[in-house]
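Asker: Could you look at this predicted model? Sequence included:
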Amino acid sequence: MKKLITLFCLQFFVIVQAQEYSSSNIHSHNDYASKLPFYEAYSNESGVIEADVFLVNNELFVAHTSKEITTQNTLKSQYLDPLSNKLKALNGKAYPDNKPLILMIDIKTEVDATLKLIAQQLKTFPDIISNKNIKVVISGNRPSAANWKDYPDFIYFDGRLNENYSAEQLSRVEMISEDLKEITIWNGKGVMTQFDAEKVQAIIKKVHDQNKKVRFWATQDNVNTWMTLMNLKVDFIGTDNVPELTHFINNIKSTFYQNTEFHEAYIPKNGVKFSRKNPKNIILLIGDGMGLTQIYSGYTANKGQLNLFNIPTQGLSITKSSDSYITDSAAGATAMATGHKTNNRFISVDENGKPLELITQQLVKKNYKTAIISAGNITDATPACFYAHQPERSYSEPIAEDFLANPSDILIGGGAKEFNSRKDGKDLSKVLMQKGYTFSDKFSALDTIKNAKFIVLDDASVVSMKNGRGDFLTKSLAKATSTFLKTKNPFFIMAEGAQIDYGGHQNNVEYVVREMLDFDKLVGQAMAFVDKNPDTLLIVTADHETGGLSLIDGNIEKGYVHGSFSTNDHTAVPVPVFAYGPGAQNFTGVYQNTEIYSKILESLSTK
C-alpha cells in the first residue's frame, strides 16, 4: 500500500494546530518598515518584533539598507524607549496579559562593534534586560557561537540549522531559523511536493527535538502560507502585515468547523421523469443567505453527501433589487412571492408602496391550502413577504396584523409576542382562534394539534442548531404535509431555513455549516415526499448569499471546512435554484428571481 504522506494534504491538521496559535506566534518581519514601527506590532501583541540595525558613527540606526538610514530612526528612539515606556505603564508586564515578547535585532554591520554598542545601550534599560518575559535575540551578523559566552546573559541568539552547539551554547539559542527558499521551491500557493514536505517536516522535528522553536524567513505572506506553516507546527510565522495575520489567527476558531454529525443523502427515485406534466402541489424551500459556497461547505462537512446535489435540475437566480445591486431578504422574498422587483426593506409592496398580489393570495382563490414555516421569527422579512404588505421590514407588529387579512392555514416559527404581547395591546391570537385557528406558543403542541388550521410560534424552538434547535424544520414540514394530505385540496408550502443567513452575518463557519446541513435534511425529506406524492413540485433556492464566503480549505473525507468571509452582509452573486418533480424542467437556466414566481405559476398552469 502506498505510503501516506501527511504533508501532501497539510490542511488535514488545521483544526488541531491552527487553534493552538495566538499573536505570540507572529513574527513582525522588518517591523521598522511598517506604517507604525513598534506600535503596530505591539498593539497586536506580536511575539517577535524584528528590527535591522546599522552601526554608523557610534549610533545604532534602524533601516532596511544603509542608503535608507535617517537620523531620527535609531534603535533607542524607535524600540528601546517605546518598549520601556510600555513596561512602566503596565507595571513591568510586556503585555497586559503577561505574554512574552522577543525583540529581534538583526545586525547588518560588523558584528563585534555593533553588538558591543547594543549591549551598552541595553544596560541603560534595566527594566528591559531584567524582565523575565522579554528577550533580546541577535540575528543577522552574529558572533561565533564559541564567543557567545563573552556577551551579557541578557543577550540571546538566533540559531541556524547547519551549526552545531554545545549544551552551553544551546542555552543561549532562543530559536533556530532558516531560509525556506533553500529548502523548497514552493511559492506559497497550493501544497508542497511530497519530497519537499518531508524535508521541511524533518527540519522542524530536528529543531523541536532540541526543545527549540523554529522560524523560516523568505516565506510568502498570504493565507495559504500561514496555514501551511501552522500545520507544520512552525513556531513563529513571519509577516509584513501584522494586523491581517492577527485577524486571521484570532478568527480561525470561527472560520473553521469539523463536523461530527453526518447524515445520509436521499437518492431520488423518479430521476428526471414524472408522469404528470403539471404539479398539483408546491413546496418552496428558501435557504436564507444560502449561496453555492454555503451549499458546498455542507457537502464537504457531510463527507461528500448532500441531498441538494442529488436534485437533477438546477438553475441560477439573479437577486438584485429595484434600488440596489445587492438585495436584502425583503426585496428578495418579495420577488419570489409576487413576481415583482421592489426596493430593499419593502415587504411585498412595489417601489411606490402599493401592495402587490401574493402567490398565496392567488392560490387561495383556487382552493389551495397554504403554509408558511420559518426557523426564525415569522414576522421576519422572508416569511412576511408571503402574507404581509408593508413599506418597512422592521414593522413587525403591522406585519403580524397583516396575517389577519391574508391568513395561511398553517403558520409555524418564532415571534409569538408580535401576535399576543403587542405594544398596541391587541391580542391577535384571540382573533385568530375566533376564526377557527388553534394557536400555541409551544412547539410541542405540534404533536397533538388536530385542527387543520393552526399557528405555532415558539421562540425557544427557533434558536440556532448550535444552541439545540433540533428537528424543528423537518417536524414542521411533516406536520404541514400530513395535515394537507387529509384534504383533496392542492397546497403551497414555503419553508425557510432562516439561520444560514445569521451564520453568514456573524462570519461563523460552524453556524453556517450546521444550519446548511439542517436545511439539507429538510430538502431530503421534501424529495422523499415528492417521490411518494409525484404530483408535487419541489423548488429549493435562496434569497441571496450572505457573508461573501469562500472556502480556503476543507477535507471531504474528514468532513472539515475552513472558510473566509469578505463581508458581514449580503453579496450580489446569483444563487442556485434546484427543482424536483413535475414542472422541474422550467427552472433550468439563468433568470431573475422574479421568474421563480412566474415559473411556479407556469408549472401550475394558473396564469
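Answerer: Received the coordinates, thanks.
Asker: From now on I want contacts and neighbour counts done on CA atoms only, so please keep to that.
Answerer: Fine.
Asker: So, low pLDDT: which residues of the stretch 151-300 of the chain?
Answerer: For the stretch 151-300 of the chain, the stretches flagged by pLDDT under 70 are 271-272.
Asker: ranges for the helices of it?
Answerer: Remark: helices assigned in the stretch 151-300 of the chain by DSSP state H, counting those that start in this stretch are 167-170, 194-209, 223-231, 242-250, 252-255, 292-301.
Asker: what do you get for the stretch 1-150 of the chain?
Answerer: Ranges of helices in the stretch 1-150 of the chain, per DSSP H, counting those that start in this stretch, are 14-17, 39-43, 75, 81-89, 111-123, 126-129.
Asker: Show me which helix runs longest in this structure.
Answerer: helix 509-532 (DSSP state H).
Asker: now the angle from it to helix 292-301?
Answerer: Compare the direction of helix 509-532 with that of helix 292-301 by axes from the mean of the first three to the mean of the last three Cα atoms, to 10 degrees and you get 90 degrees.
Asker: what pLDDT, on average, does helix 509-532 get?
Answerer: Averaging pLDDT along helix 509-532 gives 98.
Asker: ok, back up a step: relative to Q169, tell me which of the helices of the stretch 1-150 of the chain wins on proximity.
Answerer: Set against Q169 and scored by Cα to Cα, the helices of the stretch 1-150 of the chain come closest in helix 111-123, at 17.2 Å.
Asker: one step back: quick one: buried residues of the longest helix of the chain?
Answerer: 509-531 (16 or more other Cα atoms under 10 Å).
Asker: got the CA coordinates for it in CSV?
Answerer: Below are the C-alpha coordinates for helix 509-532, written out as CSV (Å, rounded to 0.1, in the frame of the first residue of the first chain):
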residue,chain,number,x,y,z
VAL,A,509,-18.4,28.8,9.6
GLU,A,510,-19.8,26.4,12.2
TYR,A,511,-23.0,28.3,12.4
VAL,A,512,-23.3,28.4,8.6
VAL,A,513,-22.5,24.7,8.1
ARG,A,514,-24.7,23.4,10.8
GLU,A,515,-27.7,25.4,9.6
MET,A,516,-26.9,24.3,6.0
LEU,A,517,-26.9,20.7,7.0
ASP,A,518,-30.2,21.1,8.9
PHE,A,519,-31.7,22.7,5.9
ASP,A,520,-30.4,19.9,3.7
LYS,A,521,-32.2,17.4,5.9
LEU,A,522,-35.4,19.3,5.1
VAL,A,523,-34.6,19.1,1.4
GLY,A,524,-34.1,15.3,1.7
GLN,A,525,-37.4,15.0,3.4
ALA,A,526,-39.1,17.1,0.8
MET,A,527,-37.6,15.0,-2.0
ALA,A,528,-38.9,11.8,-0.4
PHE,A,529,-42.3,13.4,-0.2
VAL,A,530,-42.2,14.2,-3.9
ASP,A,531,-41.3,10.6,-4.7
LYS,A,532,-44.3,9.4,-2.7
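Asker: how distant is it from the center of its chain?
Answerer: 19 Å (Cα atoms, centre = their mean, to the nearest Å).
Asker: Export the helix or strand following it to CSV, keeping only CA atoms.
Answerer: As assigned by DSSP states H and E, the chain's next helix or strand after helix 509-532 is strand 536-541. Extracted in CSV, the C-alpha atoms of strand 536-541 (Å, rounded to 0.1, in the frame of the first residue of the first chain):
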residue,chain,number,x,y,z
THR,A,536,-45.8,17.7,-6.0
LEU,A,537,-43.1,20.1,-7.3
LEU,A,538,-40.2,21.0,-5.0
ILE,A,539,-38.2,24.2,-5.5
VAL,A,540,-35.2,25.0,-3.4
THR,A,541,-33.4,28.3,-3.6
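Asker: Strand 536-541 - contacts with which helices or strands?
Answerer: If you count contacts as 3 or more Cα pairs under 8 Å, 6 or more residues apart in numbering; DSSP states H and E, strand 536-541 packs onto strand 281-287, helix 509-532, strand 575-580.
Asker: let's go with 10 Å and repeat that
Answerer: Where contact means 3 or more Cα pairs under 10 Å, 6 or more residues apart in numbering; DSSP states H and E, strand 536-541 is packed against strand 281-287, strand 313-318, strand 491-497, helix 509-532, strand 575-580, helix 594-604.
Asker: Run the chain-centre distance for that strand.
Answerer: 27 Å.
Asker: Give me the sheet partners of that strand and which way each runs.
Answerer: With DSSP bridges as the test, strand 536-541 is paired with strand 281-287 (parallel), strand 575-580 (antiparallel).
Asker: Run me through the strand neighbours of the very next helix or strand once past that strand, direction for each.
Answerer: Sequence-wise, the next helix or strand downstream of strand 536-541 (DSSP H and E) is strand 545-546. Each strand paired with strand 545-546, and its direction, by DSSP bridges: strand 570-571 (antiparallel).
Asker: who touches the partner strand?
Answerer: 289, 291, 319-320, 325-329, 501, 504-505, 543-549 (Cα atoms under 10 Å, 6 or more residues apart in numbering).
Asker: Of those residues, grab the buried ones for PyMOL.
Answerer: Restricted to buried positions by 16+ other Cα under 10 Å, the PyMOL selection for these reads:
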select buried, resi 289+291+319+320+326+327+328+329+501+504+505+543+544+545+546+547+548+549
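Asker: In a markdown table, list the helices of the stretch 151-300 of the chain along with mean neighbour count.
Answerer: Converted to a markdown table, the helices of the stretch 151-300 of the chain look like this (neighbours: other Cα atoms under 10 Å):
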| stretch | mean neighbour count |
| --- | --- |
| helix 167-170 | 14 |
| helix 194-209 | 16 |
| helix 223-231 | 21 |
| helix 242-250 | 19 |
| helix 252-255 | 20 |
| helix 292-301 | 24 |
